[in-house]
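Peer 1: no FASTA, just this:
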């Protein structure tokens, strides 16, 4: 995978969205937004699945994070797998590894659309 450089969180979030739309090419993709004052970006789900994901740069580092949860557990500040720590998430990637992160997000979306995701597994292993 190639590294994609960016200079701001706004640019990073646009790169995520554009890369996902290009790679996924799914008319059922629904894009929203989240903002918890420190982390912000887009949320992603597919029509008729019961979970939502977000991808963003972590507030205390340069890592790229994928987080998500069942729709009924989404908080006003975003879809997070856990409420107990800002370090709990579904997956993470080093800075500039946008394509790898998007590929993993697509894997999560496809899994959610198929057999489903056991978010409890992620909560139990955090």
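Peer 2: Great, that's in hand. What you see is a predicted model; the values in this text were computed from it and never measured. Numbering: from 1, shown residues only.

Peer 1: CA atoms for contacts and neighbours, from now on please.
Peer 2: OK.

Peer 1: surely residue 40 touches residue 34?
Peer 2: Yes: between residue 40 and residue 34 a contact is recorded at 5.4 Å, counting by Cα atoms under 8 Å.

Peer 1: in terms of neighbours, single out the busier of these two.
Peer 2: Taking other Cα atoms under 10 Å, residue 40 and residue 34 do not tie; residue 40 has more neighbours (21 against 18).

Peer 1: what pairs with that one across the strands?
Peer 2: Taking DSSP bridges as the rule, residue 40 bridges to residue 35.

Peer 1: report pLDDT for it.
Peer 2: Here, the pLDDT recorded for residue 40 equals 85.

Peer 1: list the residues that contact it.
Peer 2: 33, 34, 56 (Cα atoms under 8 Å, 6 or more residues apart in numbering).

Peer 1: excluding chain neighbours, what is closest to residue 54?
Peer 2: residue 43 (4.4 Å; Cα to Cα, 6 or more residues apart in numbering).

Peer 1: any idea whether residue 43 is helix, strand or coil?
Peer 2: strand (DSSP: H, G, I helix; E, B strand; the rest coil).

Peer 1: okay, now it: neighbour count?
Peer 2: What residue 43 shows, counting by other Cα under 10 Å, is a neighbour count of 20.

Peer 1: nice, that's everything, thank you.
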